[in-house]
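Enquirer: I'd like to go over a predicted model; first the sequence, then the structure.
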Amino acid sequence: MFMARISEKQDRELVALLVDGSPQALGELYARYKERMIYFCKHYVINEEDAEDIVQDIFLQLWDKRHFLGSVTSFSGYIQTMTKNCILKKLRHFDVHARFAQTILMNNNNYTNETEDAIFDNDYEKLLNEMIERLPPKQKEIFRLSRIEGLDYKEIAELLQTSVENVRKNVSLALRKIQDQLSNHTDIQFRF
(Lines give C-alpha, C1' and ligand atoms only; values in the text may rest on other atoms or scores of the structure.)
Protein backbone atom coordinates (compact mmCIF):
# COMPACT_ATOMS: atom_id res chain seq x y z
CA MET A 1 0.00 0.00 0.00
CA PHE A 2 2.91 2.39 0.79
CA MET A 3 4.48 1.72 -2.63
CA ALA A 4 1.20 2.53 -4.40
CA ARG A 5 1.11 5.90 -2.66
CA ILE A 6 4.77 6.68 -3.25
CA SER A 7 4.34 6.20 -7.00
CA GLU A 8 1.68 8.91 -6.97
CA LYS A 9 3.97 11.50 -5.41
CA GLN A 10 5.55 14.31 -7.39
CA ASP A 11 9.31 14.50 -7.84
CA ARG A 12 9.76 17.26 -5.26
CA GLU A 13 7.92 15.15 -2.66
CA LEU A 14 10.11 12.16 -3.50
CA VAL A 15 13.24 14.30 -3.18
CA ALA A 16 12.09 15.40 0.28
CA LEU A 17 11.58 11.75 1.26
CA LEU A 18 14.97 10.90 -0.21
CA VAL A 19 16.64 13.62 1.87
CA ASP A 20 15.04 11.96 4.91
CA GLY A 21 16.64 8.63 3.88
CA SER A 22 13.82 6.84 2.07
CA PRO A 23 15.16 4.08 -0.19
CA GLN A 24 11.64 3.73 -1.62
CA ALA A 25 11.79 7.34 -2.84
CA LEU A 26 15.14 6.66 -4.51
CA GLY A 27 13.67 3.52 -6.09
CA GLU A 28 10.70 5.45 -7.45
CA LEU A 29 12.92 8.20 -8.89
CA TYR A 30 15.12 5.51 -10.43
CA ALA A 31 12.07 3.83 -11.99
CA ARG A 32 10.88 7.17 -13.41
CA TYR A 33 14.17 8.34 -14.88
CA LYS A 34 16.25 5.23 -15.62
CA GLU A 35 15.15 4.54 -19.20
CA ARG A 36 15.26 8.20 -20.19
CA MET A 37 18.77 8.57 -18.79
CA ILE A 38 20.05 5.37 -20.44
CA TYR A 39 18.60 6.51 -23.76
CA PHE A 40 20.39 9.86 -23.41
CA CYS A 41 23.68 8.23 -22.38
CA LYS A 42 23.66 5.79 -25.30
CA HIS A 43 24.08 8.73 -27.69
CA TYR A 44 27.52 9.43 -26.20
CA VAL A 45 29.03 6.19 -24.88
CA ILE A 46 30.09 3.01 -26.63
CA ASN A 47 27.51 0.51 -25.42
CA GLU A 48 24.43 0.01 -23.31
CA GLU A 49 26.37 -1.43 -20.36
CA ASP A 50 28.44 1.78 -20.15
CA ALA A 51 25.20 3.79 -20.25
CA GLU A 52 23.67 1.63 -17.51
CA ASP A 53 26.84 1.97 -15.41
CA ILE A 54 26.64 5.77 -15.68
CA VAL A 55 22.99 5.78 -14.58
CA GLN A 56 23.77 3.40 -11.71
CA ASP A 57 26.65 5.65 -10.61
CA ILE A 58 24.38 8.69 -10.66
CA PHE A 59 21.82 7.06 -8.40
CA LEU A 60 24.55 5.86 -6.04
CA GLN A 61 25.78 9.46 -5.89
CA LEU A 62 22.23 10.68 -5.24
CA TRP A 63 21.93 8.33 -2.30
CA ASP A 64 25.36 9.29 -0.95
CA LYS A 65 24.63 13.02 -1.29
CA ARG A 66 20.92 12.94 -0.47
CA HIS A 67 21.35 15.32 2.46
CA PHE A 68 22.33 18.09 0.03
CA LEU A 69 19.29 17.69 -2.24
CA GLY A 70 16.95 19.80 -0.11
CA SER A 71 17.58 22.90 -2.23
CA VAL A 72 16.91 21.16 -5.57
CA THR A 73 13.92 22.83 -7.21
CA SER A 74 13.79 20.75 -10.41
CA PHE A 75 14.82 17.14 -9.99
CA SER A 76 14.63 16.44 -13.74
CA GLY A 77 16.96 19.37 -14.44
CA TYR A 78 19.30 18.31 -11.64
CA ILE A 79 19.46 14.69 -12.83
CA GLN A 80 20.01 15.84 -16.42
CA THR A 81 22.97 17.98 -15.31
CA MET A 82 24.41 15.07 -13.32
CA THR A 83 24.03 12.80 -16.35
CA LYS A 84 25.79 15.28 -18.64
CA ASN A 85 28.64 15.68 -16.14
CA CYS A 86 29.09 11.92 -15.77
CA ILE A 87 29.11 11.46 -19.55
CA LEU A 88 31.68 14.26 -19.95
CA LYS A 89 33.87 12.66 -17.28
CA LYS A 90 33.70 9.29 -19.05
CA LEU A 91 34.39 10.89 -22.45
CA ARG A 92 37.39 12.75 -21.01
CA HIS A 93 38.71 9.42 -19.76
CA PHE A 94 38.24 7.88 -23.22
CA ASP A 95 39.83 10.95 -24.84
CA VAL A 96 42.93 10.66 -22.66
CA HIS A 97 43.17 6.98 -23.58
CA ALA A 98 42.74 7.73 -27.29
CA ARG A 99 45.35 10.51 -27.22
CA PHE A 100 47.78 8.21 -25.44
CA ALA A 101 47.24 5.48 -28.05
CA GLN A 102 47.57 8.00 -30.89
CA THR A 103 50.84 9.32 -29.46
CA ILE A 104 52.23 5.80 -29.22
CA LEU A 105 51.21 5.05 -32.81
CA MET A 106 52.58 8.32 -34.19
CA ASN A 107 55.91 8.04 -32.39
CA ASN A 108 56.40 4.36 -32.99
CA ASN A 109 55.16 3.54 -36.49
CA ASN A 110 57.87 0.95 -37.03
CA TYR A 111 58.18 -0.12 -33.41
CA THR A 112 57.87 -3.88 -32.94
CA ASN A 113 59.90 -4.64 -29.83
CA GLU A 114 58.05 -7.71 -28.58
CA THR A 115 60.12 -7.98 -25.39
CA GLU A 116 59.26 -4.45 -24.28
CA ASP A 117 55.60 -4.99 -25.21
CA ALA A 118 55.54 -8.17 -23.13
CA ILE A 119 57.09 -6.36 -20.15
CA PHE A 120 54.53 -3.54 -20.44
CA ASP A 121 51.66 -6.05 -20.72
CA ASN A 122 53.00 -7.97 -17.73
CA ASP A 123 53.32 -4.78 -15.63
CA TYR A 124 49.82 -3.73 -16.65
CA GLU A 125 48.36 -7.09 -15.72
CA LYS A 126 50.24 -7.21 -12.40
CA LEU A 127 49.07 -3.71 -11.40
CA LEU A 128 45.48 -4.40 -12.41
CA ASN A 129 45.46 -7.68 -10.47
CA GLU A 130 46.78 -5.87 -7.39
CA MET A 131 43.93 -3.37 -7.65
CA ILE A 132 41.35 -6.13 -8.11
CA GLU A 133 42.73 -8.05 -5.11
CA ARG A 134 42.09 -5.00 -2.91
CA LEU A 135 38.34 -5.16 -3.63
CA PRO A 136 35.94 -6.72 -1.10
CA PRO A 137 35.46 -10.45 -1.84
CA LYS A 138 31.99 -10.23 -3.43
CA GLN A 139 32.92 -7.19 -5.57
CA LYS A 140 36.12 -8.93 -6.63
CA GLU A 141 34.21 -12.02 -7.74
CA ILE A 142 31.59 -10.03 -9.64
CA PHE A 143 34.20 -7.77 -11.25
CA ARG A 144 36.29 -10.72 -12.42
CA LEU A 145 33.23 -12.45 -13.88
CA SER A 146 32.20 -9.27 -15.69
CA ARG A 147 35.44 -7.72 -16.88
CA ILE A 148 37.86 -10.67 -16.97
CA GLU A 149 35.58 -13.60 -17.84
CA GLY A 150 33.32 -11.49 -20.06
CA LEU A 151 29.99 -12.58 -18.60
CA ASP A 152 27.10 -10.15 -18.90
CA TYR A 153 25.21 -8.89 -15.85
CA LYS A 154 22.32 -11.32 -16.30
CA GLU A 155 24.66 -14.34 -16.50
CA ILE A 156 26.50 -13.24 -13.38
CA ALA A 157 23.23 -12.65 -11.52
CA GLU A 158 22.04 -16.16 -12.39
CA LEU A 159 25.40 -17.73 -11.51
CA LEU A 160 25.60 -15.98 -8.12
CA GLN A 161 21.84 -16.11 -7.46
CA THR A 162 21.50 -12.36 -7.02
CA SER A 163 19.80 -9.52 -8.87
CA VAL A 164 21.08 -7.85 -12.03
CA GLU A 165 20.92 -4.52 -10.18
CA ASN A 166 23.18 -5.89 -7.44
CA VAL A 167 25.67 -7.05 -10.08
CA ARG A 168 25.54 -3.67 -11.83
CA LYS A 169 26.03 -1.84 -8.52
CA ASN A 170 29.03 -3.98 -7.56
CA VAL A 171 30.71 -3.60 -10.96
CA SER A 172 30.18 0.14 -10.80
CA LEU A 173 31.60 0.39 -7.27
CA ALA A 174 34.57 -1.82 -8.21
CA LEU A 175 35.33 0.32 -11.27
CA ARG A 176 35.18 3.46 -9.19
CA LYS A 177 37.53 2.00 -6.56
CA ILE A 178 40.02 0.74 -9.15
CA GLN A 179 39.98 4.03 -11.04
CA ASP A 180 40.56 5.93 -7.79
CA GLN A 181 43.52 3.69 -6.97
CA LEU A 182 44.89 4.01 -10.49
CA SER A 183 44.86 7.79 -10.38
CA ASN A 184 48.30 7.49 -8.77
CA HIS A 185 49.57 5.75 -11.92
CA THR A 186 49.18 8.52 -14.49
CA ASP A 187 51.77 6.89 -16.74
CA ILE A 188 49.37 4.04 -17.55
CA GLN A 189 45.86 4.41 -18.95
CA PHE A 190 43.41 1.58 -18.33
CA ARG A 191 40.24 0.78 -20.19
CA PHE A 192 37.81 -1.76 -18.82
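Expert: Sure thing, it's come through.
Enquirer: Mind splitting this structure into its structural domains?
Expert: Domains of the chain are assigned by automatic domain parsing as 1-89, 114-192.
Enquirer: gap between the first one and the chain center?
Expert: So the one you mean is domain 1-89. On the basis of CA atoms, centre = their mean, to the nearest Å, domain 1-89 sits 14 Å off its chain's mean C-alpha point.
Enquirer: neighbours around Arg144, how many?
Expert: Arg144 has 16 neighbours, counted by other CB atoms under 10 Å. The C-beta positions use only the backbone N, C-alpha and C, and glycine is treated the same way.
Enquirer: One more: Ser71?
Expert: 8.
Enquirer: likewise the one 3 residues further on?
Expert: Neighbourhood size, Ser74 [other CB under 10 Å]: 12.
Enquirer: how near is it to Leu29?
Expert: 13 Å (CB to CB, to the nearest Å).
Enquirer: again with Gln139
Expert: Gln139 is 25 Å from Leu29, by CB to CB.
Enquirer: Could you list the low-pLDDT ranges of this protein?
Expert: In the predicted model of the chain, residues 1-4, 46, 93-125, 182-192 satisfy pLDDT under 70.
Enquirer: try it again with 80
Expert: 1-4, 44-47, 89-129, 147-149, 178-192 (pLDDT under 80).
Enquirer: Helices along that one, start to end?
Expert: 2-6, 11-19, 23-41, 48-64, 75-107, 114-133, 137-143, 153-160, 164-182 (DSSP state H).
Enquirer: Could you list every helix and strand in contact with the second one?
Expert: In this structure, helix 11-19 packs against helix 23-41, helix 75-107, with contacts taken as 3 or more CB pairs under 8 Å, 6 or more residues apart in numbering; DSSP states H and E.
Enquirer: Quick check: which of those helices is buried the most?
Expert: Comparing the helices and strands packed on helix 11-19 by mean neighbour count (mean count of other CB atoms under 10 Å), helix 23-41 ranks first with a mean of 17.
Enquirer: Let me see the residues that make contact with it.
Expert: Applying CB atoms under 8 Å, 6 or more residues apart in numbering, the contact partners of helix 23-41 are 2-3, 6-7, 9, 11, 14-15, 17-18, 48, 50-52, 54-55, 58-59, 62-63, 66, 75-76, 79-80, 83, 87.
Enquirer: Please consider this matter closed, and thank you.
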